[in-house]
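1. Quick one, structure for this:
(2 chains)
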2 protein chains.
Amino acid sequence: MKIGILGGGQLGRMLIQEALKYDDEFYTLDPAADAPCHNISHFTQGNFNDFETVLDFGKDKDVVTIEIEHVNAEALEELESQGIKVVPNAAIIKTIQQKILQKEFYKAHDIPSPDFEIMDGSSDEIKIDFPFVQKLNTGGYDGKGVQIIRSAEDLKNLWTQDSVLENLVDIDKELSVIVAINENGETKTFPVTEMVADPKLNLLDFNICPVHLSEDVDQQIKSITDKFLAAVNSPGLFAIELFLDKEGKVWVNETAPRLHNSGHQSQEGNANSQFEQMYRVVKNLPLADTDAFTFSGMLNLVGAEGFSGKVVYEGMEDVLKLPKTYVHLYGKTQTKPGRKMGHVNVLADSKEELMEKLVKVKAMVRVIAE
Amino acid sequence: MKIGILGGGQLGRMLIQEALKYDDEFYTLDPAADAPCHNISHFTQGNFNDFETVLDFGKDKDVVTIEIEHVNAEALEELESQGIKVVPNAAIIKTIQQKILQKEFYKAHDIPSPDFEIMDGSSDEIKIDFPFVQKLNTGGYDGKGVQIIRSAEDLKNLWTQDSVLENLVDIDKELSVIVAINENGETKTFPVTEMVADPKLNLLDFNICPVHLSEDVDQQIKSITDKFLAAVNSPGLFAIELFLDKEGKVWVNETAPRLHNSGHQSQEGNANSQFEQMYRVVKNLPLADTDAFTFSGMLNLVGAEGFSGKVVYEGMEDVLKLPKTYVHLYGKTQTKPGRKMGHVNVLADSKEELMEKLVKVKAMVRVIAE
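-> Numbering: from 1, shown residues only, chains lettered A, B, ... in the order given. Sure, this is the predicted structure:
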């Protein structure tokens, strides 16, 4: 089957890597000539935000999917109308692309997400209480396009673009759950993972699985994933980012309609990875089991401050000596501060051992330049 | 790093798949335009038995390796003399390529292998007792080039080419052990696997791990791998095929200087796979841990008799529904009787459960043509 992916980054690369277990032909579209997928797929250099480029790329594929959500959804709609299968479908990509529509989707389907108001120029009155979170309607990614407004004083920093303003959750834990639904309506949910964020870069730092949660919290999450999967009306793999607040209530922060950084530990930690699951969704195959066999965790390898240029992974040989430790690099030759260059997955027999190993690995390796 | 592989078959494909976790560029050489590696590496169509072709392919690589041993070893010697790293080195490839040299290697290093005589036209007297095994000096592969001569009557079938004639072992079990040694001399051994052969196709059928062996047998195997690794004088990953005879003695049947079908269950069954290990050998990195976490087994997906043409994996969707079951196809579009098209790995909590699952999967799937 000819599978086209909009985006040629690491998520696409790891999807293709997993799918080399099968017999398909992968095509990728990315603006960067040296995108991580460029040398392992039929590669087209081009802009996935451009209508004609996406249309042209997709028209001879059996199925078109995405590894980034900021793509031209109108072109995907056009491809659908021409009979090309698009996974997830253009409608849900459009909804998730725009924070305003995404929030309205949660509201319409009774999925708990922080109360919000819309800032779209139709009124200049802000009624929401401080502190609140401003999320740009479009263009946010990897923590960009999100800011906290704590006081009237902060209002001078308010972005002027269309936004969602939502209540700031008093966060106890940041959780993530990856769900999948195929065209036949079969669904599978990965075990919940917990994220520990780097406050400076606002990128995931550690990500661990499984997470010990109360029965009540588990039940709230199950209710959320059930409602989401019933409402989504599209095959796809989705990462639902959750906040558990200090009163024990679970809120949906946001959803990504694609493979997600918070699911990387599934590569060695679960019976099957999010990449295997995505492949099966794309081909409408029976979904894979997602059991966690053991404790697993992931840490991102991010370009260190002060280094730009040809990447060097300082300390990597020592990491490779550690048992149950798995290095995943993304085929990026150039590092810069904050760039996601790879990740390391770690397995352990207990949460304590896991955290110890993650901290140890993090201290061992540094992403610098020649 | 520019890594060149002689051969572009499934072993190369799975090596490259694993190595997509890192940042190297892979180049493959294979006579078949649609070889399994053709679309996931820089591919050169050409004959790896041809001196000039191999020399030309290898001259601009940082390291050249093999995924098949029937390559032009003289060209590899020439590359070495030009300063190109060859893994495993040309000398050991030459030794293993030729059954006569291979047997003499075992003898010289006190590695137990069935007694033999050489048939090379220098004498027409055959002194070995019936039954014996004739192994062609060169060109044997996947069970081809090997026959049993049981009686004087059978002598009319004796091939006339240079051969090894060796005592037939009264086999209790066929075992395999994969060993690795890097340039620094670090070594690792995978847990022993047991093979159950298909007597008709003489291909591996099931392959299971771990194998319960007596302490004495474990000790004999350890002595063999120790002697082999001490003698081999080359970095490399090697599959040592063993016979355990009915009196409890272990014999080396033969060695492959490469990735091997008998190690495929390591993909999901071990802490790291033979492919990860081979990558580390090629790059002279610290070797990976090889622990078996659970019971694992592999069955080959082989083209069914009577079917040639565009492959169809009948029953595959049902296999994909099974938990802890992993399908690996080789990207081959055309099947023919006996062709290795893929394999299925299975994990289980006990040997009984493992065998049950393998038998079940084998009955579910058939490799036929459209």
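2. ok, now how distant is the most centrally placed residue in chain A from residue A:15?
-> Centroid check for chain A by Cα atoms, centre = their mean gives residue A:260 as the closest residue, at 2.7 Å. Relative to residue A:15, residue A:260 is positioned 12 Å away (Cβ to Cβ, to the nearest Å). Where C-beta positions appear, they are placed from N, C-alpha and C, glycine not excepted.
3. Likewise for residue A:74?
-> From residue A:74 to residue A:15 the distance is 24 Å (Cβ to Cβ).
4. These two - which one has more neighbours?
-> Between residue A:74 and residue A:15, counting by other Cβ atoms under 10 Å in any protein chain shown, residue A:15 is the more crowded of the two (28 against 13).
5. how far is the helix or strand hosting that one from where the chain is centred?
-> Per DSSP states H and E, residue A:15 falls inside helix A:10-19. The chain centre lies 14 Å from the centre of helix A:10-19; the measure is Cα atoms, centre = their mean, to the nearest Å.
6. Tell me if the following helix or strand past it is near chain B.
-> Counting by DSSP H and E, the next helix or strand C-terminal to helix A:10-19 is strand A:25-30. Yes: against chain B, strand A:25-30 shows contacts by Cβ under 8 Å from any Cβ of the partner chain at residue A:25.
7. Tell me how far the following helix or strand past strand A:25-30 lies from the chain's centre.
-> Using DSSP H and E, the helix or strand that follows strand A:25-30 in sequence is strand A:42-45. Taking Cα atoms, centre = their mean, one finds the center of strand A:42-45 at 23 Å from the center of the full chain.
8. The next helix or strand after strand A:42-45 packs against which elements?
-> Using DSSP H and E, the helix or strand that follows strand A:42-45 in sequence is helix A:51-58. If you count contacts as 3 or more Cβ pairs under 8 Å, 6 or more residues apart in numbering or on different chains; DSSP states H and E, helix A:51-58 packs onto strand A:2-6, strand A:25-30, helix A:73-81.
9. picking that back up, test my guess that the residue nearest to the centre of chain A contacts residue A:179.
-> No: Residue A:260 is beyond contact range of residue A:179, at 10.8 Å (criterion: Cβ atoms under 8 Å).
10. in the helix of greatest length in chain A, what's buried?
-> In terms of residue count, the longest helix belonging to chain A (DSSP state H) is helix A:215-231. For helix A:215-231, burial by neighbour count (16 or more other Cβ atoms under 10 Å in any protein chain shown) applies to A:217, A:220, A:221, A:224, A:225, A:227, A:228, A:229, A:231.
11. Now tabulate those residues in TSV and tack on distance to residue A:175 and pLDDT.
-> Shown next, in TSV, are these (distance: Cβ to Cβ, whole Å; pLDDT from 0 to 100):
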residue	distance to residue A:175	pLDDT
A:217	9	98
A:220	10	98
A:221	7	98
A:224	10	98
A:225	12	98
A:227	16	98
A:228	14	98
A:229	17	98
A:231	20	98
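12. mind putting those in CSV, distance to chain B included?
-> Below are the buried residues of helix A:215-231 laid out as CSV (distance: Cβ to the nearest Cβ, whole Å):
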residue, distance to chain B
A:217, 26
A:220, 27
A:221, 22
A:224, 25
A:225, 20
A:227, 26
A:228, 24
A:229, 19
A:231, 26
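13. List just the nearest of those to residue A:30.
-> Closest approach between those and residue A:30, by Cβ to Cβ: residue A:228, at 28.7 Å.
14. And the pLDDT at the closest residue to residue A:126 other than its chain neighbours?
-> Leaving aside its sequence neighbours, residue A:126 sits nearest to residue A:165 (Cβ to Cβ, 6 or more residues apart in numbering or on different chains; 6.7 Å). With respect to pLDDT, residue A:165 scores 97.
15. circling back: okay if I get the helices and strands packed on helix A:51-58 as JSON lines plus mean pLDDT?
-> As requested, these are exported to JSON lines (pLDDT from 0 to 100):
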{"stretch": "strand A:2-6", "mean pLDDT": "98"}
{"stretch": "strand A:25-30", "mean pLDDT": "97"}
{"stretch": "helix A:73-81", "mean pLDDT": "98"}
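16. wait, which of the ones you listed is closest to residue A:335?
-> Across the helices and strands packed on helix A:51-58, closest to residue A:335 is strand A:25-30 (Cβ to Cβ), at 18.3 Å.
17. So for that closest one, what gets flagged as buried?
-> Result for strand A:25-30 [16+ other Cβ under 10 Å]: buried residues A:26, A:27, A:28, A:29, A:30.
18. swap in stretch A:286-302?
-> Per 16+ other Cβ under 10 Å, stretch A:286-302 contains these buried residues: A:286-290, A:292, A:294-302.
19. From what I see, residue A:367 and residue A:305 are in contact.
-> No: in this structure residue A:367 lies outside contact range of residue A:305 using Cβ under 8 Å: 10.3 Å.
20. more neighbours, those two?
-> Ranked by neighbour count (other Cβ under 10 Å), residue A:367 and residue A:305 place residue A:367 first, with 26 against 11.
21. so what secondary structure elements neighbour the helix or strand containing the more buried one?
-> Taking DSSP H and E as the criterion, residue A:367 maps to strand A:366-369. Strand A:366-369 sits against strand A:309-314, strand A:334-335, with contacts defined as 3+ Cβ pairs under 8 Å, 6+ apart.
22. Could you rerun that using 10 Å?
-> strand A:295-302, strand A:309-314, strand A:334-335, strand A:340-348 (3 or more Cβ pairs under 10 Å, 6 or more residues apart in numbering or on different chains; DSSP states H and E).
23. Quick check: residue A:205 is in a helix.
-> No: counting by DSSP: H, G, I helix; E, B strand; the rest coil, residue A:205 is not part of a helix but strand.
24. residues near it, how many?
-> By the criterion of other Cβ under 10 Å, residue A:205 has 18 neighbours.
25. TSV for the helices and strands packed on strand A:366-369, including mean pLDDT and distance to residue A:36?
-> Output for these, formatted as TSV (pLDDT from 0 to 100; distance: least, Cβ to Cβ, whole Å):
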stretch	mean pLDDT	distance to residue A:36
strand A:295-302	96	13
strand A:309-314	97	13
strand A:334-335	96	12
strand A:340-348	97	10
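26. Quick one: those as a markdown table, columns for distance to chain B too.
-> Shown next, in a markdown table, are these (distance: least, Cβ to the nearest Cβ, whole Å):
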| stretch | distance to chain B |
| --- | --- |
| strand A:295-302 | 11 |
| strand A:309-314 | 8 |
| strand A:334-335 | 11 |
| strand A:340-348 | 8 |
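27. would you list these in TSV and tack on distance to residue B:153?
-> Below are the helices and strands packed on strand A:366-369 laid out as TSV (distance: least, Cβ to Cβ, whole Å):
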stretch	distance to residue B:153
strand A:295-302	61
strand A:309-314	65
strand A:334-335	71
strand A:340-348	58
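28. sorry, back to before: which neighbours do residue A:260 and residue A:15 have in common?
-> By Cβ atoms under 10 Å, 6 or more residues apart in numbering or on different chains, residue A:260 and residue A:15 have these common neighbours: A:237, A:274.
29. residues shared between the contacts of residue A:260 and residue A:179?
-> A:237, A:238, A:239, A:240.
30. what's the most distant pair in those?
-> A:237 and A:240 (10.9 Å).
31. ok, and the closest non-adjacent residue to the residue nearest to the centre of chain A?
-> residue A:239 (3.3 Å).
32. Check residue A:78 too.
-> Per Cβ to Cβ, 6+ apart, closest to residue A:78 is residue A:55, 5.8 Å.
33. Tell me which two in the buried residues of strand A:25-30 are the farthest apart.
-> Using Cβ to Cβ, the pair of these lying farthest apart is A:26 and A:30, separated by 12.4 Å.
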